[in-house]
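**Q** missing the sequence, but the structure's below:
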């Protein structure tokens, strides 16, 4: 029996003289099972309780006043932008994308001949960065054409692009949280 097969009922008890390593192999039912996201969240919540069983108050990730300000800017200005510092050394400015830009990104993705989902995901991330990045290291990218902006982003070192994508993901998460909060309080 290989490690990838389930034992039959007759194989669950080790035979006399059987290898002890095989007998001590855990059965599939005793192996840890993958957890659903809701189960994982519940376990983390349960771990956050004190010994007395009272839940510790959790601090919100974003300041409610800041979320309100972001939501107002998106609603009334049609756009939100924010300066972000990466490791305290690189200053960039990110902005939300318009529906037209999101559609352009989707059209570009649709026209690619990529073979892998990972390639499409990477391409979408880079395109989102190209459209969201307003300034980079003191240079105003808004003055560049779409093609020149794409060239500028593609010339950046891979680790820097990774840091920029993480910053963009955090920025988008904040805007999403602001819109969720604004929808509830609108």
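**A** Good, I have the coordinates. Just so it is clear, the model here is predicted, and its values are computed rather than measured.
**Q** can you point me to the longest helix in the protein?
**A** Taking DSSP state H as the criterion, the chain has its longest helix at helix 158-185.
**Q** show me what it is packed up against.
**A** helix 64-77, strand 81-86, strand 90-95, helix 117-132 (3 or more Cβ pairs under 8 Å, 6 or more residues apart in numbering; DSSP states H and E). For the C-beta atoms, the positions are set from N, CA and C on the backbone; glycine is no exception.
**Q** buried residues, that helix. List them.
**A** Across helix 158-185, burial judged by 16 or more other Cβ atoms under 10 Å covers 161, 163-164, 167-168, 171, 174-175, 177-179, 181-182.
**Q** out of those residues, flag the one nearest to residue 58.
**A** Residue 58 lies nearest to residue 177 out of these, by Cβ to Cβ, at 14.4 Å.
**Q** from what I see, that closest one and residue 67 are in contact.
**A** Yes: assessed by Cβ atoms under 8 Å, residue 177 is found in contact with residue 67 at 6.0 Å.
**Q** just the helices and strands packed on helix 158-185: most buried one?
**A** Among the helices and strands packed on helix 158-185, the stretch with the highest mean neighbour count (mean count of other Cβ atoms under 10 Å) is strand 90-95, at a mean of 18.
**Q** low-confidence ranges, the protein, go.
**A** The model of the chain has pLDDT under 70 over residues 1-57, 182-186.
**Q** if you set the cut-off to 50 instead, what comes out?
**A** For the chain, the stretches flagged by pLDDT under 50 are 18, 20-45, 48-49.
**Q** which ones are touching residue 108?
**A** Residues in contact with residue 108 (Cβ atoms under 8 Å, 6 or more residues apart in numbering) are 123, 127.
**Q** the chain should start at 2 in everything you say after this.
**A** In the new count, where the first residue is 2, that last one comes out as residue 109.
**Q** ok, the closest residue to residue 92 other than its chain neighbours to residue 76 distance?
**A** Closest residue to residue 92 apart from its sequence neighbours, by Cβ to Cβ, 6 or more residues apart in numbering: residue 86 at 5.6 Å. Applying Cβ to Cβ, to the nearest Å, the value for residue 86 to residue 76 is 26 Å.
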